[in-house]
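Asks: fold the following, please.
(one chain, ligands or ions: 1)
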Amino acid sequence: MQQTFYKYQGTGNDFVMIDNRQQVFDKNNTKLVASLCDRRFGIGADGLILLENHNDLDFKMVYYNADGNESSMCGNGGRCLVAFAKQLGVIDKKAVFEAIDGLHHATIEGNIVKLQMVDVDTVEKHENHVFLDTGSPHHVQFEDKIEAFDIKTEGAKIRYGSPYNEAGSNVNFVKKINDQTFAVRTYERGVEDETLSCGTGATAVALAMHAINEVGDNLITLQVPGGELQVSFDVEDGLYKNVWLIGPAKFVFEGTI
Ligand SMILES: N[C@H](CCC[C@H](N)C(=O)O)C(=O)O
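Replies: As a prediction, this is how the structure comes out:
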């Protein structure tokens, strides 16, 4: 049976998008999801996202990594899904939707999508890194020679090593530009490679930098290989709330297979 697939990208983090409101997609077919994300034999993407109906909210988000497995929250994917929902006429300028980590508010103006992320009340400060969960788990560490760094090799060592092991974590390497700006490169769990951008990762870096007193503001710019993201937040007694991930989400193509 023919099916229409869409593709969106948010600062180079790219996704196959499917309008699954009629529940036609074979959701448990890991091989199918991985084949659609395959960059040679398929459409090619870092992940695949289903837009589904929700009884009370605008829609529901189901996210799969490129390895075919359903995974935790995807910030860039959530932003792209809001743009997709607008293209389908499901929403206009605002959205409230359910994802695996709970309810998200979002706004869209042009191709800029602002997505509210989960509150974060735990930031683990270790000797050489910070760990926190912004809807997905993130290891954050400084790397001054970020441009020449072998992200895939070094990221995989951390992602599969202790204490993350098979369950893993995403790994973000950070270079401080100034009090409001950081360069970030990310090794993504479930893609098992560097991606050009990671939304929950950019959010994790912004909050981690605040937690270790490296920022002078609560609006942070993250320079990622695929472009620029911004993260704004409020913080009270170590609780990060009103956390917003801001950046472009763009339509790439629509096709039928
Ligand atoms: N690979 C991540 C999920 C996608 C995160 C990323 N694409 C984002 O924009 O947040 C994980 O399995 O934890």
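
Asks: the residue lying farthest from the centre of the chain - nearest residue in space that isn't next to it in sequence?
Replies: Distance from the C-alpha centroid of the chain, by CA atoms, centre = their mean, peaks at Met1 (30.7 Å). Spatial nearest neighbour of Met1, chain neighbours left out: Val24 (7.6 Å); criterion: CB to CB, 6 or more residues apart in numbering. Any C-beta I mention is one placed from the backbone N, CA and C, and that applies to glycine too.

Asks: around the ligand, pick out the residues from this structure.
Replies: 13, 46-47, 65, 71-72, 74-77, 136, 170, 188-191, 198-200 (CB under 6 Å from any ligand atom).

Asks: mind listing which of these are in strands?
Replies: Cross-referencing the residues of the chain next to the ligand against strands under DSSP state E gives 13, 47, 65, 170, 188.

Asks: out of those, which is nearest to Leu81?
Replies: Of all those, Leu81 sits closest to Gly47, with 10.7 Å by CB to CB.

Asks: for the closest one, give its distance to Ile158.
Replies: 21 Å (CB to CB, to the nearest Å).

Asks: of the two, who's got more company?
Replies: Neighbours were counted for Gly47 and for Ile158 using other CB atoms under 10 Å; Gly47 has more, 25 against 19.

Asks: quick one, what contacts the more buried one?
Replies: The contact partners of Gly47, taken as CB atoms under 8 Å, 6 or more residues apart in numbering, are 13, 15-16, 37, 63-66, 71, 74, 77, 190-191.

Asks: can you give me the helices in this protein?
Replies: 30-37, 75-87, 151-160, 199-211 (DSSP state H).

Asks: pretty sure Leu88 is in contact with Leu51, am I right?
Replies: Yes - if you go by CB atoms under 8 Å, Leu88 and Leu51 touch, sitting 7.2 Å apart.

Asks: these two: which has the busier surroundings?
Replies: Neighbour tally, Leu88 and Leu51, criterion other CB under 10 Å: the higher count belongs to Leu51, 23 against 14.

Asks: just grab the bridge partners of the more buried one for me.
Replies: Taking DSSP bridges as the rule, Leu51 bridges to Asp19, Met61.
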